[in-house]
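Peer 1: Structure, please.
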Amino acid sequence: MAEWELLLSFSFFACITLKILFRFLEEMMNRKKLPPGPMPLPVIGNLHQIGIGEIEPHLKKLHDKYGPMITIHQGAERHVFIAGHDIAHQTLIKNGLAFGHRLPSAPENFRLFGGDASEPFIGFTDCGPLWNLFRRNLASKILSPTSLSSFAGARKEIIKKLSHKLKEETGGVEGVVHPLEIFRHVLFSLALFMCFGEKLDDEAVAEQLEAIRLSHQNLNRFMVFHIFPKFGKYLFPKRWKEMLVIRHRLLTNLVPLVQTRTHKMEEIKKDGVFSYADSLIELELPGGGKLRESEVTTLCYEFLTAGVSTVVSSLQWAMANLVKYPNVQAKLYEEIERVTEENGGIIKEEDLKKMPYLKAVILETLRMHPPIHTLLPHRVSEDISLEGYIIPKNTFVNFMLVSMGLDDKVWENPLEFKPERFLGGRETVDLTGTREIKMIPFGAGRRVCPGIGLGMLHLEYMVAHLIKEFEWKGVTGDEVDMAETMEMEIDYVMKKPLKAYIVPRK
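Peer 2: Numbering: from 1, shown residues only. The predicted structure is shown next:
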């Protein structure tokens, strides 16, 4: 190697080393001002203590040691994790503007999500005109009560398919079922219809679902490219190639659906189902112009991932608890029968508002088993004083949802599954967290999930039908196991998927 090459290499690594050293010294100088936490190491921060995968058990130990607000360094990033209700309310509601930001920009290696660093993601897009436009479009065109009613027919078809698949597994009589994959398939087919307005056969739905699942399952593995944005693809070349292969499969599946809607736009305007993809194709951007095809594809990918996995997880948890607690199931069935008696036993969506115990079952499920245990990180846009500490600009702030839902200072007997706690004004819960934060399975503040109404509708509607049509029992010798594990690197699901014995009701 020539002398100039050696000198260049030495200079490069010297600059990198000095930058890391200065950053580390800066962190140590600011350490007294930050919320408490373990001492970070240069370059890796606290990764040696919490890892990159399932970090929640490690965080719980650190919260027990340091308190409800702790500081953790993940590589070069500084994160503050909050487990306290009052502190969460201060950040998400009272200081929502300052704490409502995301990444300054999507790094180049997030190609998995659509193509280049400018590809939009509502969940990752920073606050501003574009984010407001995306949120407003989703809320008004797809998630408004009027828009949701336009998909009522599709929901009825999904309920029929759900019942058919369960009966198919038992041969049309009582028997053992493994409902998780059935839940996932029917809910994903509904999400595909809402997203693209196209009814796909089971084989096409399965292929779309597998492509989405494959990308989702590898999200955490690919986060190394975010932690090391400049050198990740050189440090992990095999993983980088895997990411590009998965991205190609995603685009091969999703892009033709976007193109179909684009070509049918005039026909759709005259007589057709107006889908989420249609709203994005028609969307006028600030300053003029429209979204590119790759940008529409990215936003559709987000819709499909955010709107399915969490509902599937919550649906399984709800049914597992109804199997485990037959007295709760009996009480719920009695309510459903009483409300639907006037309709000849048919459950109408408007009837759900007359079923407070059904809603209580769903709320109790979400309190004990939120489908995600930490929200997507919020980024602080300015230095903020909080509880006597300083949260520096560009720090990422995370919220521990399970800790809030199981806090015995807020909830009486928090480990007991008791839907009655939500009846008769015993526990008033604002799921948006505006008044106060007790549980926030959908987030809170500016970044609250816009799909709260949709998620609750799907959960209540499907649980009501499942209990109306079948009695759900445990399997002798194979009892329901409520242990949980992380799936798809973000969702928390039953470690041992639900297996139940169902009996068709007369």
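
Peer 1: Just the helices from the stretch 51-200 of the chain, written as ranges.
Peer 2: Ranges of helices in the stretch 51-200 of the chain, per DSSP state H, counting those that start in this stretch, are 56-66, 85-89, 96-99, 129-141, 145-149, 152-170, 180-196.

Peer 1: out of those helices, which comes closest to residue 368?
Peer 2: helix 56-66 (15.0 Å; C-beta to C-beta). All C-beta atoms are positioned from the backbone trio N, CA, C, and that covers glycine.

Peer 1: could you redo the helices of the stretch 51-200 of the chain as CSV and give each row mean neighbour count and mean pLDDT?
Peer 2: Shown next, in CSV, are the helices of the stretch 51-200 of the chain (neighbours: other C-beta atoms under 10 Å; pLDDT from 0 to 100):
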stretch, mean neighbour count, mean pLDDT
helix 56-66, 15, 85
helix 85-89, 20, 92
helix 96-99, 19, 84
helix 129-141, 16, 89
helix 145-149, 12, 90
helix 152-170, 16, 95
helix 180-196, 22, 95
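
Peer 1: Nearest to residue 471, out of the ones you listed?
Peer 2: Evaluated over the helices of the stretch 51-200 of the chain, closeness to residue 471 peaks at helix 152-170, with 12.3 Å, by C-beta to C-beta.

Peer 1: and the angle from the closest one to helix 180-196?
Peer 2: 160 degrees (axes from the mean of the first three to the mean of the last three C-alpha atoms, to 10 degrees).

Peer 1: by contact count, what packs against helix 152-170?
Peer 2: Where contact means 3 or more C-beta pairs under 8 Å, 6 or more residues apart in numbering; DSSP states H and E, helix 152-170 is packed against strand 175-177, helix 180-196, helix 452-469, strand 500-504.

Peer 1: Look at residue 211 and say how many residues are nearby.
Peer 2: 21 (other C-beta atoms under 10 Å).

Peer 1: Same list, the helices of the stretch 51-200 of the chain, but as TSV with distance to residue 444 please.
Peer 2: As requested, those are arranged in TSV below (distance: least, C-beta to C-beta, whole Å):
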stretch	distance to residue 444
helix 56-66	19
helix 85-89	7
helix 96-99	8
helix 129-141	15
helix 145-149	22
helix 152-170	27
helix 180-196	24
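
Peer 1: which one of those helices lies closest to residue 242?
Peer 2: Nearest to residue 242, of all those, is helix 180-196, at 23.2 Å by C-beta to C-beta.

Peer 1: which parts of whatever helix or strand comes next after the closest one are buried?
Peer 2: Per DSSP states H and E, the first helix or strand lying C-terminal to helix 180-196 is helix 202-217. By neighbour count on 16 or more other C-beta atoms under 10 Å, the buried set for helix 202-217 is 205, 208-209, 211-213, 215-216.

Peer 1: what's the lowest-pLDDT member of those?
Peer 2: Among the buried residues of helix 202-217, residue 216 carries the weakest pLDDT, at 77.

Peer 1: and the gap between that residue and residue 310?
Peer 2: Per C-beta to C-beta, to the nearest Å, residue 216 is found 11 Å from residue 310.

Peer 1: Likewise for residue 436?
Peer 2: For residue 436 relative to residue 310 (C-beta to C-beta), the value is 23 Å.

Peer 1: neighbour-wise, which of the two wins?
Peer 2: Remark: of residue 436 and residue 310, residue 310 carries more neighbours, 23 against 15, as counted by other C-beta under 10 Å.

Peer 1: which helices and strands sit right next to the helix or strand hosting the more buried one?
Peer 2: Taking DSSP H and E as the criterion, residue 310 maps to helix 309-324. Helix 309-324 is packed against helix 180-196, helix 326-340, helix 356-368, helix 452-469, strand 470-473, strand 491-494, with contacts defined by 3+ C-beta pairs under 8 Å, 6+ apart.

Peer 1: Show me the shaky parts of the stretch 251-400 of the chain.
Peer 2: Residues of the stretch 251-400 of the chain meeting the criterion pLDDT under 70: none.

Peer 1: Recalculate using a threshold of 90.
Peer 2: 251, 263-273, 285-289, 292-295, 297-298, 301-302, 305-310, 342-346, 371-388, 393-394 (pLDDT under 90).

Peer 1: List the buried residues for the helix or strand encompassing residue 269?
Peer 2: Here residue 269 sits within helix 265-270, counting by DSSP H and E. Buried residues in helix 265-270, counted by 16+ other C-beta under 10 Å: residue 268.

Peer 1: go on, stretch 223-243?
Peer 2: 223-228, 232-233, 236, 240, 243.

Peer 1: Thanks a lot, catch you later.
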